[in-house]
Structures are given as C-alpha cells and as structure tokens.
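S.K.: Have a look at this prediction, sequence included:
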Amino acid sequence: MKLRNIIPSLLLAALLSACDHPTVPTNAQKEDRLPVITPDFTEVTVPSNICPLNFAVQEGATDVVAHVSYPGGSQTFGSGTKVIIEENDWKEMLSKAEGKNLKVEVYAKVNGTWKAFSPFNIYIAPDTIDSYISYRVIQPSYVAYEKLSINERNITNFDEREIYNNMSVSTEDKGQCINCHSYQNFKTENMLFHMRQAYGGTMIVNNGTLKKIDLKTEETISAGVYPAWHPTRNLIAFSTNKTGQSFHTKDLNKIEVQDTESDLILYDVDKNEVSIISELEDELEVFPTWSPDGKTLYFCSAKFEYKNDSIAKETEMIQRYKEVKYNIYAADFNPDTKEFSNMHVIYNAADSLGKSATLPRVSPDGRHLLFAQAEYGCFHVWHNDADIYMLDLKTLKAEPVKNVNSDRSESYPTWSSNGRWIMVDSRRQDGNYTRPYIAYYDRQGKVHKAFVLPQKDPNFYTFYLRCFNRPEFMVEPVKVTPQEFAKKAKEDAIPAKYAK
C-alpha cells in the first residue's frame, strides 16, 4: 500500500479514537444523585471476562462523557448519549480491576449545561463466567410461534449466531415448533432439542453424531418434552406432557399453559430405549433435573384429580387452573441398574404455603437448588408473581433470592458451571419480553445485584421485539451447523423402543 493511502487512514483512526475518548468537562454542575442509565449497570458485580457494559444516559442530554477509573489509570468514553466501550479498552480495564472495582463518573450536557452525577461502581469479580449461553428467541405470543430460533451468544464479546432456525424447514402447510435445548455438563458434544408438529422428533447429538429420534411409544403419553441429560451416563430424563394453553382477557398473566397429563421417562441413548420413571395416578410430573453426581433426580409434581367426567380434561383444567400447585420431589437413582427409589417430597409448596414450585436446578456443588415459585401453575414465565427461590438441600429451607427478583416474572433459573453465577429469565423491563439477567453468587453465599445480558447497542432491548427463552450456560459452542440440523430435521425419526 502506498504511503499516501496510509496517512489518511491513520488520520481517520486518530479522529475516531478522539471521539471515543472525549474530554471531561471542567465546570459541570454537581447533581447529588446517580444518573439514569439504560441498562442499569450501577453497583453491579460482573465476571472478569464479560463483554463491555455499554449504556445510554437517560437524562434528556445531547452529549455525555463517562470517566472510568481503575487501578493504575482511567479512560473516558462517550458518543452522543451513549457510552460505547471498545473491547480492547474494556479488557484492559477488567484485567487491572479484577477483584476490585471500576469507578464510573457520568457527565451529561442538558440544555447547554454540563451536569456531573454521583459516581457509581462496577465491581469486577475474581470469578469468570462460562463463555457461551444459548436461548430460544421467540415472539411474546403463541400466535406466531413458528418464527423462532435457538441462538448461541458468546458473552465475552457480542458475537451471536443461530444454532437452529425453525423456519429453515417450515412451510406454509408444514409448520413446526422447537423447544427445550439441553446439554450434558455444559458441553455440546452431547446435546438435544425437541421438535413438534411437522418433522417432529428429538434432535440428539451424541458424541458429536446427530440423530433424530421419535421418543413416543404406545406406552407413553407423548414424546419427550422437558429434558435433563444425566451428568455421567448416556441417559436423559424427560417429562412427557399433554400441554394446552388458554388466553386471559383481563388477567395480567395473559397466558396460561398447563398439562392435562404428564409423566416422567428415562431414555437410554446407547440402547435407544424408553422406560417409565413415574406415572402416578392423579399426579402431574414435570421438569426433571439431576444432582451433579447423577445419583438423585429432582422433579416437580402436582396432585390433581379430575372430578367431572362429563367434560373433557382440557376443559376442566381450564376451569380449575388455579388449583394446580406443584411440589418439588427427589428420587434416588442407581446409575448401574437404572433403578429409581425413595421418591419423596423435599419442598412442599402446595400444602404448606399454598404455592406452586417449578423449574428446579441444582448447583454444581450439589448444595443448593434454585426454583421458581408462584401462586399456581406450571409455566411461570408468564406469571407476574413468580420469583426465584433457593433451597438449601441440607436444611431443606428455602428463601427468595435477594437482588434477583422484581415485581414481574422471574423464571428459568440456572447455574454457571463453576456455581458462581446465576442466570434467570425476567420480564422486569416491560412485562412483555423476557431478558436474561445474571447475578454473582459469591463464596460467602451472597447474591449480588442482577444485570441484564449486555448488548453492543445499549438501546437494543428497547427495539428488539423478541423474548429470550430458557437461557442455558455452555462452556463451548455448538459444533453441529444449522444446515446439518435442518437436513436431519427433514429425515424420518428413528423410533425408540419401550423397555419395562
């Protein structure tokens, strides 16, 4: 490249750099309060490998400057009303502030006058977070459920890609729905997701090999729905469900999703065999999850007896939906014999509290269990009163998780692989859209203020009209391509065998 071409490029780079690092105003008026910023990253604790926490200042300003101090230095950022931090600058600050904090001072030019707001801290935890998460991206209504995908996000930067797009095989007369992705020990060599309707089947990646399995047998009420891959064996626990939904005209919860029937099954991947775990009469079993050692299966179950033979079960369930309340159960499991025993309640939400507990997930050290609790029902993602609770598996005492819950729905709790980070789905922003929120769980057992998954554009969540559903941590990316999933989806599913 000739020198005359290099010089303009260097000048442009220098100008852009100057715009990204503005000068701190010297005569700003002090405001004795924190600035209003979106997203709210004030006084949060973040991983030492998280992507930049870009934010916008909501003060009616025309220009903003953020002065960020860290051990051994400081930098300034600001462009219009947004604070956009380059990844290299952010990584440098994180490396110097690990175990300490960044001090952020925000200045905003309002009606021609600069204002200086009270500073806030961003604490940099010494613990890292899993580099990847995945989630189902879907509209907040079940009317257009076919337009959805399962996406993968690298949360150390802003890279996102589709794992599988439902529309890649859907046609006008052959639509489908995908749900409930699951991984074995946060790795993607063994993973799955389920497809319903046209091209229905369970997509299972086992040791990197993709298969499409039909888990429905004559002895089971449906194919596998909500999954949990055993941590040490090629076994997957599923619930089988006959699911329906109803829509409210006045209730703020809007949608009620319920099971008229549900059981638990175990799928042996190597033998391609399905067996029954639990099919208790008048019980609705759902949401299995394993202990880290694979010797205990936790799940939820609701006692529900149908009383009116003159109407369909679906109709009676809609009429009595507020009576459905789930408890949390545990069952011992022998991985060698694949036998379950000692099935018992460990958290009685229904009888003791008049509540419903669902979506259990066990910490990697096996000590605590997160779950969602609301007044009734199974599908708490649509219940505004749903909060996240933590159950101590030694004392069997449960408490709401401070700094995570809001006055809107919180659901789908999960743990990072090192047990130091909690992720939940929350509708706190507007009541309509679920967003992934992350909170630090320190070694003293304290949960710190939750923060929304950062995006490159701080106004992203204002304009992105999709929900992030069932977020899951991963330690590596999915290796099967969307095209390979789509090709396999069009093939006939391999029927699973039933084993007593």
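M.R.: Nice, I can see it.

S.K.: in the stretch 1-150 of the chain, which spans are helices?
M.R.: 3-20, 87-97 (DSSP state H, counting those that start in this stretch).

S.K.: In the last one, which residues are buried?
M.R.: Across helix 87-97, burial judged by 16 or more other C-beta atoms under 10 Å covers 90-91, 93-94, 97. Every residue, glycine included, has its C-beta placed from N, CA and C.

S.K.: returning to that earlier point: worst average pLDDT in the helices of the stretch 1-150 of the chain?
M.R.: Mean pLDDT is lowest for helix 3-20 out of the helices of the stretch 1-150 of the chain, coming in at a mean of 43.

S.K.: what stretches of the stretch 51-200 of the chain score poorly on pLDDT?
M.R.: Along the stretch 51-200 of the chain, the parts satisfying pLDDT under 70 run over 141-145, 172.

S.K.: could you pull out the strands for it?
M.R.: Assigned by DSSP state E, counting those that start in this stretch, the stretch 51-200 of the chain shows strands spanning 55-57, 63-70, 73-77, 82-83, 101-110, 113-117, 120-124, 132-138, 149-154, 160-165, 176-184, 187-197.

S.K.: What is the first one packed up against?
M.R.: Looking back up the chat, that one is strand 55-57. If you count contacts as 3 or more C-beta pairs under 8 Å, 6 or more residues apart in numbering; DSSP states H and E, strand 55-57 packs onto strand 37-38, strand 82-83.

S.K.: May I see those strands arranged in CSV, with distance to G431 as well?
M.R.: CSV is the format used below for the helices and strands packed on strand 55-57 (distance: least, C-beta to C-beta, whole Å):
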stretch, distance to G431
strand 37-38, 16
strand 82-83, 25
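
S.K.: For P400, see how far away R428 is.
M.R.: Separation of R428 from P400 (C-beta to C-beta, to the nearest Å): 15 Å.

S.K.: what's the answer for I311, then?
M.R.: Applying C-beta to C-beta to I311 and P400 gives a distance of 38 Å.

S.K.: shaky segments in the stretch 201-350 of the chain?
M.R.: If you take pLDDT under 70 as the line, the stretch 201-350 of the chain has no such spans.

S.K.: how about a cut-off of 80?
M.R.: Scanning the stretch 201-350 of the chain with the threshold set as pLDDT under 80 gives 251-252.

S.K.: For it, just list every one of the strands.
M.R.: With DSSP E, counting those that start in this stretch as the criterion, the stretch 201-350 of the chain has strands spanning 201-206, 209-214, 224-229, 235-247, 255-268, 273-278, 283-290, 296-303, 326-334, 339-347.

S.K.: Using JSON lines, lay out those together with mean neighbour count.
M.R.: Formatted as JSON lines, those follow (neighbours: other C-beta atoms under 10 Å):
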{"stretch": "strand 201-206", "mean neighbour count": "23"}
{"stretch": "strand 209-214", "mean neighbour count": "17"}
{"stretch": "strand 224-229", "mean neighbour count": "24"}
{"stretch": "strand 235-247", "mean neighbour count": "21"}
{"stretch": "strand 255-268", "mean neighbour count": "22"}
{"stretch": "strand 273-278", "mean neighbour count": "20"}
{"stretch": "strand 283-290", "mean neighbour count": "24"}
{"stretch": "strand 296-303", "mean neighbour count": "23"}
{"stretch": "strand 326-334", "mean neighbour count": "21"}
{"stretch": "strand 339-347", "mean neighbour count": "14"}
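
S.K.: So in terms of bridging, what pairs with W415?
M.R.: On the basis of DSSP bridges, W415 is bridged to I422.

S.K.: Tell me if I'm right that it and F473 touch.
M.R.: Yes - between W415 and F473 there is a contact under C-beta atoms under 8 Å: 7.2 Å.

S.K.: Name the residues contacting each of the two.
M.R.: When contacts are counted by C-beta atoms under 8 Å, 6 or more residues apart in numbering, W415 and F473 are jointly contacted by 421, 423.

S.K.: Many thanks, we can stop here.
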